[in-house]
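Asker: Whatever this is, show me its structure:
(chains A and B)
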Amino acid sequence: MSFELFMFLVTAAIALAGGVGMIVARNTVHSALFLLLNFFAIAVLFLLLHSPFLFAIQLTIYAGAIMVLFLFVVMLLGVESIEDRTKDRLAGQLWLSVVLTLILMVQAITITLLAEPAESQAQNTALLDQLADPALIGATLFTTYLLPFQITGVILLVGIVGVVVLHQRAHLYGPLSETEREFAEQYAAERTASGQPAEQAS
Amino acid sequence: MPPEIVIPAIDVRVIAPMLTIFAWATVLLMVDLFMPGKDRKLTGYLALAGLAVTALVTLAVQPAPGTSRTSFSNMVVLDSFGTTLTLILLLIAAFSIAISINYLSYHNIEMGEYYPLILFATGGMILLGQSTNLILVFLGVELLSITLYVLTAFFYPRYTSEEAGLKYLLLGAFAAGFLIYGIALIYGGAGTLDLFEIGAFLNTSLAVGSAFPPGALLVLIGGALVLIGFCFKISLVPFHMWTPDVYEGSPTPVAAFMSVGTKGAAFAALLRILIVALLPFKIYWLPVLGVLATLTMLFGNIAALMQPNMKRMLAYSSVGHAGYITIGIMTAGTHGTESFLFYLLAYALANMGAFAVLITLERRGEMAWSVDDFAGLWKRYPLLAIAMATFMLSLAGVPPTAGFFGKFFVFAAAWEDGQIFLVFMGVLSSAIAAFFYLRVIMRMFMDEPVREVIPIFNRGLTITIGIAVVGTIVFGLLPTPLVSLVQNSVIALGVGG
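Answerer: Numbers count the residues shown, from 1 in each chain, chains lettered A, B, ... in the order given. Below you'll find the model as predicted:
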C-alpha cells in the first residue's frame, strides 16, 4: 500500500466518521463540531488531489467562515430549545433518507465505473498540478469568468444592503403604534388558536 | 513567474442595459444617504429616471434585426428577444416603483434602500434574460432572489411579512440547491456550462450510437434538476406552495413585482436553456412540461375559486397563469417565443393594474383584502370599478382585451405544434378561471356595498392604473404593432450571426 493510498483511506474514514457523527449527535453543538471534522478531512483530501489552493479555500471558507456562522446561529437560538429530537416530526423520513442515500451511492458508483479510463497516472498528476496552480485560477477568474466574478460582487452588495435594511427598521421606526400592537397580538392569538406556535409580540 | 493576464476584448454594448441599471442603483444607494429628512419620494423618482435611462440605453444598443452579439467568453448575448424582454421588465419595474412611492410612506415603511433594491432585482432579471452560460443563470437567479427575500420582509412590523420573507428564503435556498446540483451534473456530463456548447455536445454525443452515452445521461439528470429549481421560482404545481403565503405577506407592490417580473425573467432563462442547450432532449422535457402545465392551470384556477381574500386569489391566479406561459415555452420551436412575450406583456399590464387597484383599497393596519371590499364599488367609484373590471376580463382572457390575444396566441401555437390535449385543458381551465374573475365583477356592479371603504388615490397609482387600462384595451383592439414587435424578437441559437 502506497503512502498516498494509506493517507486517503485514513482521511476518508475520518470524513465519513465526521459525517455520520454530525447526523447522530444529539447535541447541536456537537453536530456542528463533527461537521467541522468532516470539513477538515475533505480539505486534506483536496491536498491529496494536488490542490493546495482548494485546500486553503476549504479551510478558510468552510471550516472558518461558514462553521463560525453555524455555531453562532446555534448559540443564538439556544441549544436547549432545539435539542428535543425524540419526536420524529416527519413520519418515515428515516427510511426515505436511507433510500435516497442508497440511490446517491449507486449513482456515484455508476459514474465512477462509467468514467473513461485514465490514459496514464503520471500524465493526470501533471495535469492536476497545472490545474491547481493558484495563478491560473486567478487568471481564469479575471479573463474567462470576468462577468460572473463582477456579478458576484453585485450579489454581495445586495446581501449587505439587505442585512442593513432588515436590521435598521426597528431602530428607525421605534416601538409599535397602538394599532400595530393590537394587530400583532391578534395575529399571535390566532396562530395559537390554530395550533401553530405562538410568536413573541415585540 | 506569474502568467501574463490578457483580458479578452469586451463588447460593452452587450451588457450595457444591466451595466446602466446596476451603476444607477449603486449611485442611488449613496445619493440616498445624503438626502435630508425622512421623506424618500425623491429616491423613488430618481429610480424611475434610472429605468427610463436604461430603456433608452437598451434601445440604443439593440441589435440589427436578425443579428445578435455575444461577449464575455460568450456568456451573455444581446439578441432581439433579450431586448424586448428587457423593455417589458423595465416597464414592470417602473409600474412597481410608481405604485410604491406613496404606499411606503402611507404604511410607515419608507426606506430609501427600497428603490435601489428594486433596480438591482430588475438588473438580475435582465441578466437572466441574456445569459447563455449556466453560471450566469445561477447568479442571476440568486441576485433576483436575495433582493426579493429582503423586499418580501420589508413590511415592518407585520408578522406575515417576516413569515413570508423567511418562507421564501428557505424555499429559495432549497430550490437553489436543486439548481446548482443540476448545473454541476450538466458540467460533469458535457464538460461545459455554455448553452451553445451543451447543445452541440448533445447533438454529437447522441448521434454516435443508439445507446445512451453516460455524458448525455448526466446532462439529462442535471437538466431535470435545473427544471425543478426553476419550477420553484415560476411556481409551477407542485412547487407552488409558497406563492399565496409570500404574496399575501409581502408589501403589495413587491407582490405585484414578483408575480410578473420574476416569472418573466425565470421563464425567459428556462426558455433559452430548453431550446438552445437541451433541444435534443425535447422528447423528454415536452411531456414533463405538459403534465406540469396541466396540473398548474387546473390547480391554480381551482384553488383561486375558493379564495375570499383578493391577494391570495391573485396569487393563485398567477400560479394558473404560469401554466399558460409554460404552454408557450413548450412550443418554443414554432411560435412559442412570440406567444410567450405577448402573453407576458398582456399579463403584466392586467396584473400590475389589479394589484394597483388593490393598493387603493388597502388600509393601514389591515391584513384582509376581502372580495367584500369590492362590493358595490361601481356605485361609489365607477372609474375604479371599470378599471378593475378591465383587468379581470383581461386576466380571464375575454375579448377585446390584451389577455384574450395572449391566450389566443399561446393556444394557437400549441395547436399548430400538435398539442391538442394541452389546448383542451387550457380552454377548460380558462373557463374555471373566468368564474372567479367574473365573480369580482359581479360583486362590484351588482351588489350593495358591504362596508365603507375609502380608496386612496395618488399620482403614481392613477397613472399606473391608467396606463394599464389603456394598454390592455388598445392591445386588445389593435394587437398588430405588438405582434410585429414580438415576431421580430428571436432567440439567438448560435454565437454571432
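Asker: Rounded mean pLDDT for stretch A:132-143, please.
Answerer: Confidence for stretch A:132-143, expressed as mean pLDDT, is 83.
Asker: Can you tell me what sits against it?
Answerer: A:49-54, A:130, A:149, B:2-3, B:5-8, B:73 (Cβ atoms under 8 Å, 6 or more residues apart in numbering or on different chains). The C-beta positions use only the backbone N, C-alpha and C, and glycine is treated the same way.
Asker: What are the buried residues along it?
Answerer: A:Ala132, A:Ile137, A:Ala139 (16 or more other Cβ atoms under 10 Å in any protein chain shown).
Asker: Now a ChimeraX select for only the buried ones of the contacts of stretch A:132-143.
Answerer: Here is the ChimeraX command that selects only those of the contacts of stretch A:132-143 that count as buried (16+ other Cβ under 10 Å):
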select /A:50,51,53,54 /B:73
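Asker: could you pull out the strands for chain A?
Answerer: Applying DSSP state E to chain A gives no strands.
Asker: Give me the pLDDT for the one residue in it that gets nearest to chain B.
Answerer: Among the residues of chain A, A:Gly162 lies closest to chain B, at 3.6 Å counting by Cβ to the nearest Cβ. Note for A:Gly162: predicted pLDDT of 92.
Asker: try B:Thr334
Answerer: In this model, B:Thr334 is scored at 66, pLDDT.
Asker: Can you get me the start-to-end distance on stretch B:389-407?
Answerer: For stretch B:389-407, the first-to-last residue distance is 18 Å (Cα to Cα, to the nearest Å).
Asker: from the middle of its chain, how far away would that stretch be?
Answerer: 18 Å (Cα atoms, centre = their mean, to the nearest Å).
Asker: Identify all contacting residues around it.
Answerer: Residues from elsewhere that reach stretch B:389-407 (Cβ under 8 Å, 6+ apart): B:317, B:321, B:324, B:339, B:342-343, B:345-347, B:349-351, B:353-354, B:357, B:408, B:426, B:430, B:433-434, B:437-438, B:440-441, B:444-445, B:468-469, B:471-473, B:475-477, B:479, B:482.
Asker: Which ones among those residues map onto helices?
Answerer: Here DSSP state H is the test, and the contacts of stretch B:389-407 give B:317, B:321, B:324, B:339, B:342-343, B:345-347, B:349-351, B:353-354, B:357, B:408, B:426, B:430, B:433-434, B:437-438, B:440-441, B:444-445, B:468-469, B:471-473, B:475-477, B:482 as lying in helices.
Asker: Would you check that the residue of chain A closest to chain B makes contact with B:Ser145?
Answerer: No. Counting by Cβ atoms under 8 Å, A:Gly162 does not reach B:Ser145; the two are 11.0 Å apart.
Asker: Where does the prediction get shaky in chain B?
Answerer: Low-confidence segments of chain B (pLDDT under 70): B:1-3, B:209-211, B:333-334, B:364-368, B:494-497.
Asker: What residue in it comes nearest to chain A?
Answerer: For chain B and chain A, the shortest gap (Cβ to the nearest Cβ) falls at B:Val150, measuring 3.6 Å.
Asker: Verify the stated contact: that residue with B:Ile118.
Answerer: No. The criterion here is Cβ under 8 Å, and B:Val150 misses it with B:Ile118 at 10.6 Å.
Asker: These two: which is more packed in?
Answerer: Neighbour count, other Cβ atoms under 10 Å in any protein chain shown: between B:Val150 and B:Ile118, B:Ile118 has more, with 27 against 24.
Asker: And the helices in chain A, which stretches?
Answerer: Secondary structure of chain A (DSSP H): helices at A:3-24, A:28-48, A:52-57, A:67-77, A:93-114, A:121-131, A:134-142, A:146-173, A:178-193.
Asker: is the shortest one anywhere near chain B?
Answerer: No. With Cβ under 8 Å from any Cβ of the partner chain as the criterion, chain B is not reached by helix A:52-57; the gap is at least 13.9 Å.
Asker: Contacts for that helix, please.
Answerer: Taking Cβ under 8 Å, 6+ apart as the rule, helix A:52-57 contacts A:Ala43, A:Val44, A:Phe46, A:Leu47, A:Ala132, A:Asp133, A:Pro134, A:Ile137.
Asker: avg pLDDT for it?
Answerer: Here the average pLDDT along helix A:52-57 is 87.
Asker: Distance from that helix to the middle of the chain?
Answerer: The answer for helix A:52-57 is 17 Å, by Cα atoms, centre = their mean.
Asker: Could you confirm whether the biggest helix by length in chain B reaches chain A?
Answerer: As assigned by DSSP H, the longest helix anywhere in chain B is helix B:159-190. Yes. Legend: contact between helix B:159-190 and chain A by Cβ under 8 Å from any Cβ is shown at B:Tyr159, B:Thr160, B:Gly188.
Asker: Help me confirm that B:Ala23 is found in a helix?
Answerer: Yes. Counting by DSSP: H, G, I helix; E, B strand; the rest coil, B:Ala23 is found in a helix.
Asker: so how many other residues sit close to it?
Answerer: 15.
Asker: Kindly provide the distance from it to B:Phe34.
Answerer: To B:Phe34, B:Ala23 is 18 Å away according to Cβ to Cβ, to the nearest Å.
Asker: how many neighbours does B:Phe475 have?
Answerer: B:Phe475 has 25 neighbours, counted by other Cβ under 10 Å.
Asker: Can you give me the neighbour number for the residue nearest to it when sequence neighbours are not counted?
Answerer: What sits nearest to B:Phe475 in space, not counting adjacent residues and going by Cβ to Cβ, 6 or more residues apart in numbering or on different chains, is B:Ala402, at 3.8 Å. Per other Cβ under 10 Å, the neighbour tally for B:Ala402 reads 29.
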